[in-house]
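# sequence plus predicted model, see below.
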Amino acid sequence: MRASLYFIPSAAALLVAMPAFGQETAEPAEKVEATVVVIGGRENLLAISGSGATIEAEDLTAARVLTVNEALRQVAGVYPRDEEGIGLRPNIGVRGLSPTRSSEVLLLEDGLPLTYAPYGDNASYSHPPLRRFERIEVLKGASQIRFGPHTVGGVVNYISPSAPEEFEGDLQLAGGNRGYVEASGSLGGSAGGFRLLGHAAHTEFEGVRDNTSLDFNDYHLRVERTLTPNQELTARVGYFAEDSQVTYSGLTEAEYAADPRGNVFANDTFDTERFTASATHAWQIAPDATLTTSAYSLWFDRDWWRQSSNSGQRPNDSSDPACGGLINLNTTCGNEGRLREYNQYGIESRLGWSMSLLGAPADLEAGLRYHEERQRRLQINADTPLGRTPGTGINGGVRENNTRYASAISGFVTAGIEFGPLRISPGVRIESIEFERVNVQTGQSGTTDQTEIIPGLGFTYLLREDLAIYGGVHRGYSPPRVEDIITNAGGSVDLDPEESVNWEAGIRGTLLPGLDIDAGLFRLDFENQIVPASVAGGVGATLTSAGKTEHTGLEASLRASLRDMSLITGPNDIYFRTALTWLESAEFKGARFSSVSGFNTVSVTGNRLPYAPEFIGSFTFGYKHGDWLNVQGEVQHTGEMFTDDLNTVAPIANGQRGRIDSASVLNIAVNVTPGGGNVTYFVTAKNVADELYIVDRSRGIIPGAQRLWQAGLALAF
């Protein structure tokens, strides 16, 4: 009941936004789509004034992608870092930006916010199962200012499938090692003038470390209705619940040497609930003009009870007198409850129309959004491992009780003006945000605000109808978290927003039939990059303005099919796909000193940024025989990287600092569809060589996933 109250603003906003259903204009040439897209189909990339990519359904199914991290490896410039092995808490970095909790990336679902505090705390602690989506769009160039507030790294938009006109469905069942069990399916069709599509998924997994277990369910319903020949309405509701045994802490060097997949914190638990609701109304108000209005609402609740937040926090006499060290971990050692509740709702309208501008044909889009969000943050320390109420010991009780608010009004205008083969795309976005923090324990509170203008300019030039060069420049912007710009005592912190100037230029299209390329250069000049005050302080560390940084590099993607190139005839095909990133520089500029505690007088000017590998690559090769056999192998490579601004090479005892070595893993997937029918049997193996490697040190050593295999079937009917 508590969660449902936060859907009321969305319903009310939708009633205000929708025009009278009885109005009709000339019948459109095709059905109006009530979905906000970032790119659209892969063919639309030629008109995008900046780098972008789409991951289509066939790319996901051919590889039998297990996690969103694995999927995004198919996109150049994107560095997704693993955590628990199944992608529930994605860590997505773009062009050398920190991947931690995907805080530098804007995550959307059908063009609407997917994260639960994009303005006040853009960290991802939960992610829907990948099976629910049919494709993924990734945008990194100047045209991303159509979306906000984060325009520094890029936009990742997950597209859910439309409801079918006729009755149809699908079912996928799979099982594997480490206790992996998956059952997911969808069912849809038309009834009473409505088109419906429901999706349900259940997954269990033992994770990639000891004493972990992951268990979640996801349910989603999409309802579509044609109101008039010129109006479409799409409504979506969803529920997600996770009941997992997950620790937050990584390993010390000694623990990793003794047991690289060990985890002594067997009592840690992670429980979430998430309700979402949205409605999108599309109205073709004229033959060349469409108004799309969306209302959305979200409630997310997270209870994470843990006995350690990082590898430097191990139970001992000084921190917990009743504990007496790890020997009593399961008896007298206490734990911390990091309890979070998020509510958000908003409404936005986008008007797109075609017209003549400066004597040339032009496409214009303008949008306006109102967004509200609230965070309720509690930390409760209990006296026992399984305690779930405030303790009475020296460290027990309520340690934090905060409520944080962010209210935002944003708008944008973009245009695409065509002068023959040249398309110029100017645009501007405005973000105006009010922040508020209330310390419930003391009654102290504070407010502040920021307003930013975010311009962009891009272009494409068609060398021929299937090959174009592109380029652009835009302002990158990410707002600070509420907790970093307002202190717990209500004071305002002099923390500037994260801003950059992002440049890029490249070439994209078909070099010859069957051979597609997208290659480009990029440069990110940060006036003020926000980093943790202690680089090894973990996700929850206070952030600070760190000054200038510079990122330069090269991205390249290639897709090839020997059959499409007429080098193979008949039902056979050999195909190849690669995504390469060379991050030539990602370094601190100007007069810079370390943020690592105890090293504040050490200059780090010219040092490489943490978690910014120089080389990232994905190499895919496969064989197809008609519609019934698809065998695919993929090598995913991550180069070595530093984990602190000191560029420490030798690891320190707590495991939080030290260079991470490069790693390459091989994934294989085999899909067999007998007779090209509606049942596909598949077998996959991830990390075939069972390579042991490290993916993260920010809160101690986190190992990458060991060899994982799955087998199952997918049925379409």
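It's in.

# so where do the helices sit in this protein?
8-17, 57-63, 68-72, 253-258, 482-485 (DSSP state H).

# got the contact list for the spatially most central residue of the chain?
In the chain, the residue lying closest to the centroid (CA atoms, centre = their mean) is Leu107, at 4.7 Å. By CB atoms under 8 Å, 6 or more residues apart in numbering, the contact set of Leu107 is 90, 92, 113-115, 124, 156, 158. C-beta: built from backbone N, CA, C; applies to glycine.

# again, only this time at 7 Å
Listed by CB atoms under 7 Å, 6 or more residues apart in numbering, the contact set of Leu107 reads 114-115, 124, 156.

# per-residue pLDDT, it?
Leu107 carries a pLDDT value of 96.

# for the closest residue to Gly193 other than its chain neighbours, list each beta-bridge partner.
Spatial nearest neighbour of Gly193, excluding adjacent residues (CB to CB, 6 or more residues apart in numbering): Arg225 at 6.3 Å. Assessed by DSSP bridges, Arg225 has beta-bridge partners Phe194, Leu233.

# now swap in Phe588 and tell me
Thr549.

# in this structure it contacts Glu550, no?
No. Contact criterion CB atoms under 7 Å: Phe588 and Glu550 do not qualify, at 8.5 Å.

# higher neighbour count, those two?
Phe588 (25 against 18; other CB atoms under 10 Å).

# sorry, back to before: ok, the residue nearest to Gly193 - contacts?
193-194, 233.

# over to Gly153?
So, once contact is read as CB under 7 Å, 6+ apart, Gly153 ends up touching 94-95, 97, 104-105.

# where does the protein have low pLDDT?
Scanning the chain for pLDDT under 70 picks out 1-30, 530-546.

# could you rerun that using 80?
1-31, 35, 37, 40-41, 316-320, 494-497, 528-547 (pLDDT under 80).

# show me the beta-bridge partners of Trp353.
Bridge pairing for Trp353 - DSSP bridges - gives Ala289, Leu364.

# quick one on the thing from earlier: need the max-distance pair from the contacts of Gly153.
Arg95 and Val105 (10.6 Å; CB to CB).

# quick revisit: including distance to Arg146, could the contacts of Gly153 go into CSV?
Below are the contacts of Gly153 laid out as CSV (distance: CB to CB, whole Å):
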residue, distance to Arg146
Val94, 17
Arg95, 19
Leu97, 20
Glu104, 18
Val105, 15
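
# ok, so of these, who is nearest Asp210?
The closest of the contacts of Gly153, once distances to Asp210 are taken by CB to CB, is Val105, at 30.7 Å.

# what's the neighbour count on Leu386?
Using other CB under 10 Å, Leu386 has 10 other residues around it.

# OK, contacts around the residue lying closest to it once chain neighbours are set aside?
Distance criterion CB to CB, 6+ apart; nearest residue to Leu386, sequence neighbours excluded, is Asn267 at 6.0 Å. Asn267 is in contact with 307, 330, 335, 385-386, counting by CB under 7 Å, 6+ apart.

# and those residues, which of them are buried?
Neighbour-count burial (16 or more other CB atoms under 10 Å) is assigned, among those, to 307, 335, 385.

# enumerate every residue touching the last one.
So that's Pro385. Pro385 sits next to 267, 307, 329-330, 333, 335 when contact means CB under 7 Å, 6+ apart.

# max pairwise distance over those residues: which two?
The largest separation in the contacts of Pro385, counting by CB to CB, is between Asn330 and Asn335 at 11.0 Å.

# just so I have it, where are all the strands in the stretch 551-700 of the chain?
572-588, 615-625, 629-638, 663-672, 679-686, 694-696 (DSSP state E, counting those that start in this stretch).

# please apply the same query to the stretch 351-500 of the chain.
360-382, 397-419, 422-439, 445-464, 467-478, 498-512.

# ok, the stretch 151-300 of the chain next?
Under DSSP E, counting those that start in this stretch, the stretch 151-300 of the chain gives strands at 154-159, 168-176, 181-191, 194-205, 214-228, 231-244, 269-286, 289-306.

# TSV for these, including distance to Asn316?
Below are these laid out as TSV (distance: least, CB to CB, whole Å):
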stretch	distance to Asn316
strand 154-159	41
strand 168-176	39
strand 181-191	38
strand 194-205	32
strand 214-228	30
strand 231-244	27
strand 269-286	23
strand 289-306	16
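
# stretch 205-219: which residues count as buried?
Neighbour-count burial for stretch 205-219 [16+ other CB under 10 Å]: 205-209, 211-212, 214-216, 218.

# my guess is Leu351 contacts Ala366. True?
Yes. If you go by CB under 7 Å, Leu351 and Ala366 touch, sitting 5.2 Å apart.

# restrict stretch 329-336 to CA atoms and write it as CSV.
Output in CSV follows, covering the C-alpha atoms of stretch 329-336 (Å, rounded to 0.1, in the frame of the first residue of the first chain):
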residue,chain,number,x,y,z
LEU,A,329,31.7,-13.7,13.5
ASN,A,330,28.7,-16.0,13.6
THR,A,331,27.9,-15.5,17.3
THR,A,332,28.6,-12.2,19.0
CYS,A,333,29.8,-9.9,16.2
GLY,A,334,27.3,-7.2,15.2
ASN,A,335,26.2,-6.0,11.8
GLU,A,336,25.2,-2.8,10.0
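
# so how far is that stretch off the chain centroid?
Here the centre of stretch 329-336 is set off from its chain's centre by 34 Å, with CA atoms, centre = their mean, to the nearest Å.

# and for that stretch, what's in contact with it?
For stretch 329-336, using CB under 7 Å, 6+ apart, the contacting residues are 264, 266-267, 305-307, 315, 320, 322-324, 379, 381-385, 387, 391, 393, 395-396.
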